[in-house]
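In: sequence first, then the predicted structure, then my questions.
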Amino acid sequence: MTGDVRVDHAVSSGTFSLDGETHQVDNNIWVVGDDTECVVIDAPHSVSDILAVVGDRKVRAILLTHAHDDHCRVAPALREETVAPIMLHPDDKVLWDLTHTDFLWDVDLHDGFEITVGGTTLRALHTPGHAPGAVCFHAPDLGCVFTGDTLFQGGPGATGRSHSDEDVIKASIRAALFALPGETVVHTGHGDDTTIGAERASLGA
């Protein structure tokens, strides 16, 4: 671990809507940083839930794993509160536009994009499949990766909805995530943590 950098976590509840269906969901909120600055990974349902984790720290960026509404819904409102840029892979514009018609994000993410906060670096890994612009954030100093809805405890994220593809997500996981050390902790978009090694075994890779 680098300095006093840490991973803080909370859960926020709300809805997920796509393809004419709406479901209740619990989303993980992940905040990475030290006592003075941080980045927020995903902006699901409630600005106040997120700010409760942030505290009085400066938010350097709002990093979106993808643009399904349960991951980006309050991103513009959080940007207003924190004056932090929203970062999203541009391939997810088709999903972003379903939720936000009057706002755009600020910075395009791409594979290999890096941002440093609290002395540790997060590296973006483009992992399409669950969404075309899905991105995971690897923090090697912390021994973890934030996978959004790309990889869960038990396997890949869902691919039964618009703009998703099962073969693509499995290829993304094998190429980008299973290349990480087996002991890497996987912090997911919903539910419990797992490890790269456990999921590599479950996927037979």
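Out: Done, it's in.
In: how close does Ser168 sit to Glu37?
Out: No Ser there; residue 168 is Val. 35 Å (C-beta to C-beta, to the nearest Å). C-beta here means a position set from N, CA and C on the backbone, and glycine is covered the same way.
In: identify each buried residue in the lowest-mean-pLDDT helix or strand in the chain, please.
Out: Taking mean pLDDT, DSSP states H and E as the measure, the helices and strands of the chain show their lowest mean at helix 196-202, namely a mean of 94. By neighbour count with 16 or more other C-beta atoms under 10 Å, helix 196-202 contains the buried residues Ile196, Glu199, Arg200.
In: Asp149: which of those residues is nearest?
Out: The nearest member of the buried residues of helix 196-202 to Asp149, counting by C-beta to C-beta, is Glu199 at 13.7 Å.
In: what's the nearest residue to that closest one if we skip its chain neighbours?
Out: What sits nearest to Glu199 in space, not counting adjacent residues and going by C-beta to C-beta, 6 or more residues apart in numbering, is Leu151, at 5.9 Å.
In: my read: that neighbour touches Ala176, true?
Out: No: the criterion here is C-beta atoms under 8 Å, and Leu151 misses it with Ala176 at 9.7 Å.
In: and those two? which has more neighbours close in?
Out: Leu151 (28 against 21; other C-beta atoms under 10 Å).
In: need the pLDDT of the more buried one.
Out: Predicted confidence (pLDDT) for Leu151: 98.
In: overlap in contacts of Leu151 and Ala176?
Out: With contacts defined as C-beta atoms under 8 Å, 6 or more residues apart in numbering, the residues shared by Leu151 and Ala176 are Thr127, Cys136.
In: got the contact list for Ala52?
Out: By C-beta under 8 Å, 6+ apart, the neighbours of Ala52 are Ala10.
In: which residue is nearest the centroid of this structure?
Out: Most central in the chain under C-alpha atoms, centre = their mean is Thr65, positioned 3.2 Å from the mean C-alpha point.
In: quick check: it touching Leu151?
Out: No: counting by C-beta under 8 Å, Thr65 stays clear of Leu151, with 10.7 Å between them.
In: tally of neighbours for Arg123?
Out: 15.
In: where along the protein do the strands fall?
Out: Secondary structure of the chain (DSSP state E): strands at 6-18, 21-33, 37-41, 58-63, 86-88, 107-108, 114-117, 120-126, 135-139, 144-148, 151-152, 155-156, 185-188, 194-195.
In: look up how far Asn27 lies from the residue nearest to the residue nearest to the centre of the chain when sequence neighbours are not counted.
Out: Nearest residue to Thr65 in three dimensions, chain neighbours excluded: Gly148, at 2.6 Å (C-beta to C-beta, 6+ apart). Using C-beta to C-beta, Gly148 is found at 10 Å from Asn27.
In: then Ile50?
Out: Ile50 is 10 Å from Asn27, by C-beta to C-beta.
In: what is in contact with those two at once?
Out: Residues touching both Ile50 and Asn27 by C-beta under 8 Å, 6+ apart: Ser12.
In: what number of residues lie near Pro140?
Out: 15.
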